[in-house]
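Trainee: sequence and predicted structure, then a few things I'm wondering about:
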Amino acid sequence: MAKLDEKLEAIYTEVLKRNPGETEFHQAVHEVLDSLGPVVAKHPEYADAAVIRRICEPERQIIFRVPWVDDQGNVQLNRGFRVEFNSALGPYKGGLRFHPSVYLGIIKFLGFEQIFKNSLTGMPIGGGKGGSDFDPKGRSDGEVMRFCQSFMTELYRHIGEHTDVPAGDIGVGGREIGYLFGQYKRITNRYESGVLTGKGLTWGGSQVRTEATGYGTVFFVEEALKLRNENFDGKRVVVSGAGNVAIYSVEKVNQLGGTVVACSDSGGYIVDEAGINLDLVKEIKEVRRARISEYVDKVPSATYHNTGSIWDVPCDIALPCATQNELNGRDAEELISNGVQVVAEGANMPCTPKAVHAFSSAGVIFAPGKAVNAGGVATSALEMQQNASRDSWSFAFTEQRLAEVMRGIHDRCVTTADKYGVPGDYVSGANIAGFIPVADAMLAQGVI
Ligand code: NDP
């Protein structure tokens with residue numbers, strides 16, 4: 001990793017020492033600090049009040065036991081987390097991830113990213129993240145429900161519409177949010193719609209929340225293309241993953257005239273040169289929660305690969321939408337040699353530092369997750385607005401609000417990169433534009 005400015009290097013060293021073994025968190029912190037050199041030079045007051053040191057330390061970290069009973073009557077045990085990272089701009093806001101790889105370092109990396117992402121939206125939301133090492137894959141609805149009820153039996157003490165508002169992430173979709181909300185309501189005897197986002201449309205959810213992260217990802221790329229007098233028409237696109245973010249990215253690319261030729265799940269990837277049949281992917285992944293390999297049973301001209309990398313498939317635009325560090329330096333070199341023009345992170349931190357470096361050295365437009373995928377949390381904030389006013393907006397109106405938010409984020413990244421002397425650098429633009437409102441609010445609120 002690149003050497004940081006001297007003051008920032010000292011902060012990074014402290015982060016390494018205070019958070020041993022949390023490699024994803026270290027990576028996320030380093031990436032932000034790497035952009036802040038010109039900011040500390042211009043604003044010594046941030047260093048004087050230890051703003052950056054304090055931003056790197058969560059305000060509160062909660063770790064708890066989650067026991068539950070499986071369908072065979074056996075007691076199962078998982079670990080739950082909620083990291084309330086920063087509330088300078090508003091109540092903590094960020095998703096819950098249920099995946100066997102979850103540990104404190106993953107939740108902290110996601111919570112840290114969330115601070116700047118939420119700030120970039122321009123909405124009044126702080127940063128947090130939570131989850132569990134529970135694996136919903138292969139579990140019955142009853143097992144998922146009992147797990148969610150046990151998880152909420154501890155979490156309810158820490159959340160609230162003005163305190164901390166969780167949502168979904170990997171492994172947490174509409175089904176899980178429903179079970180979590182039901183248990184919160186039962187324990188507290190309060191119908192507090194604003195305590196969770198991603199709710200069902202008949203009980204306080206917002207139109208477009210399901211589609212928001214994927215649609216927002218594509219809106220961001222559309223803006224980047226527009227700036228260069230280009231658009232999606234005729235572009236060949238590869239999208240990794242086949243979950244919430246991937247599916248709705250594919251949907252919006254199709255609507256804007258691009259062709260998605262490959263997508264994946266954790267087992268492998270499919271290539272369909274005719275363009276991915278999204279209805280079939282939805283039926284396999286959303287309805288039946290099955291494997292993407294089944295796609296080729298219905299579309300024999302498509303191919304399934306469980307070795308190699310989806311990034312070997314040539315494309316104009318690559319949208320990594322699965323998980324952290326899924327696209328490495330070798331993958332980046334392959335994409336570059338195949339002529340990729342734009343890489344935009346639908347997932348959180350899917351590109352390794354080597355991959356990001358390769359893209360920027362090759363002049364590929366690279367847009368980081370904290371800007372690109374902020375449409376999800378922005379629409380969650382719109383859900384909170386609707387809950388607070390006991391209103392519900394139409395799909396068209398909500399989508400238009402989302403598109404405006406994404407345009408605003410794109411503009412903020414571009415103008416901030418220009419202002420700090422790094423034109424075209426979306427990584428620095430996003431990090432600096434996300435950081436400054438949080439830092440200013442922390443200065444104003446005193447040493448807390
Ligand atoms: P989902 O659980 O809906 O989907 C994740 C998808 O990625 C699944 O298809 C999964 O496959 C696949 N996957 C997981 N690991 C790998 C891997 N190593 N290689 C290839 N595919 C893999 O999660 P989301 O779509 O919600 O989240 C995806 C990413 O987007 C995450 O980084 C998340 O933090 C980020 N994000 C999500 C937001 C949201 O609103 N949902 C908001 C902002 C960011 P399988 O089915 O086999 O598990």
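Mentor: Cool, the structure landed.
Trainee: now do stretch 98-115: distance to the chain's middle.
Mentor: 10 Å (CA atoms, centre = their mean, to the nearest Å).
Trainee: that stretch - what's its average pLDDT?
Mentor: The predicted model assigns stretch 98-115 a mean pLDDT of 98.
Trainee: one more: stretch 175-183?
Mentor: Rounded mean pLDDT across stretch 175-183 is 98.
Trainee: chain center to it, what's the gap?
Mentor: 21 Å.
Trainee: ditto for stretch 107-126
Mentor: 10 Å.
Trainee: give the buried residues for it.
Mentor: 107-123, 125-126 (16 or more other CB atoms under 10 Å). For the C-beta atoms, the positions are set from N, CA and C on the backbone; glycine is no exception.
Trainee: just stretch 178-196 next, same as before
Mentor: Result for stretch 178-196 [16+ other CB under 10 Å]: buried residues Gly178, Tyr179, Leu180, Phe181, Gln183, Tyr184, Lys185, Glu192, Ser193, Gly194, Val195, Leu196.
Trainee: who's in contact with the last one?
Mentor: Pointing back at Leu196 there. Neighbour list for Leu196: Ile159, Val165, Pro166, Ala167, Ile177, Leu180, Phe181, Tyr184 [criterion: CB atoms under 8 Å, 6 or more residues apart in numbering].
Trainee: and for the residue of the stretch 151-300 of the chain found nearest the ligand, the neighbour number?
Mentor: Of the stretch 151-300 of the chain, the residue with the smallest distance to the ligand, taken as CB to the nearest ligand atom, is Gly243 at 1.7 Å. The number of residues packed near Gly243 is 24, by other CB atoms under 10 Å.
Trainee: where does pLDDT dip in the stretch 1-150 of the chain?
Mentor: Along the stretch 1-150 of the chain, segments meeting pLDDT under 70 span 1-2.
Trainee: in it, which spans are strands?
Mentor: Secondary structure of the stretch 1-150 of the chain (DSSP state E, counting those that start in this stretch): strands at 60-69, 75-86, 92-98, 126-132.
Trainee: looking at those, which is nearest to the ligand?
Mentor: Closest among the strands of the stretch 1-150 of the chain, using CB to the nearest ligand atom: strand 92-98, at 6.1 Å.
Trainee: tell me what the closest one is packed against?
Mentor: Here strand 92-98 touches strand 75-86, helix 104-120, strand 126-132, strand 164-167, helix 174-188, helix 375-388, going by 3 or more CB pairs under 8 Å, 6 or more residues apart in numbering; DSSP states H and E.
Trainee: please name whichever of the strands of the stretch 1-150 of the chain is nearest to Asp5.
Mentor: Counting by CB to CB, Asp5 lies closest to strand 75-86 out of these; the figure is 21.8 Å.
Trainee: the closest one vs strand 92-98, what angle?
Mentor: Calculated by axes from the mean of the first three to the mean of the last three CA atoms, to 10 degrees, strand 75-86 forms an angle of 160 degrees with strand 92-98.
Trainee: what ranges does the stretch 301-448 of the chain have for its strands?
Mentor: So, for the stretch 301-448 of the chain - with DSSP E, counting those that start in this stretch - the strands run 303-305, 317-320, 342-344, 365-367.
Trainee: tabulate those (JSON lines), appending mean pLDDT, distance to the ligand and mean neighbour count.
Mentor: JSON lines is the format used below for the strands of the stretch 301-448 of the chain (pLDDT from 0 to 100; distance: least, CB to the nearest ligand atom, whole Å; neighbours: other CB atoms under 10 Å):
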{"stretch": "strand 303-305", "mean pLDDT": "98", "distance to the ligand": "12", "mean neighbour count": "16"}
{"stretch": "strand 317-320", "mean pLDDT": "98", "distance to the ligand": "9", "mean neighbour count": "30"}
{"stretch": "strand 342-344", "mean pLDDT": "98", "distance to the ligand": "12", "mean neighbour count": "25"}
{"stretch": "strand 365-367", "mean pLDDT": "98", "distance to the ligand": "13", "mean neighbour count": "24"}
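Trainee: check the gap between the closest residue to Leu8 other than its chain neighbours and Gln149 for me.
Mentor: If the residues on either side of it in the chain are set aside, Leu8 comes closest to Leu33, at 4.5 Å by CB to CB, 6 or more residues apart in numbering. Using CB to CB, to the nearest Å, we find Leu33 at a distance of 40 Å from Gln149.
Trainee: comparing the two, which residue is more hemmed in?
Mentor: Leu33 (23 against 18).
Trainee: ok, the more buried one - contacts?
Mentor: Leu4, Leu8, Ile11, Tyr12, Ile52.
Trainee: restricted to buried residues, select those in PyMOL.
Mentor: Remark: buried members of those, expressed as a PyMOL selection using 16+ other CB under 10 Å:
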select buried, resi 4+8+11+12+52
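Trainee: filter the contacts of Leu33 down to the ones in helices?
Mentor: Leu8, Ile11, Tyr12, Ile52 (DSSP state H).
Trainee: among those, which pair sits farthest apart?
Mentor: Tyr12 and Ile52 (9.8 Å).
Trainee: still on that earlier bit, please convert the contacts of Leu196 to CSV, extending it with distance to Lys370.
Mentor: Listed next are those as CSV, based on distance: CB to CB, whole Å:
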residue, distance to Lys370
Ile159, 23
Val165, 18
Pro166, 18
Ala167, 16
Ile177, 23
Leu180, 25
Phe181, 27
Tyr184, 28
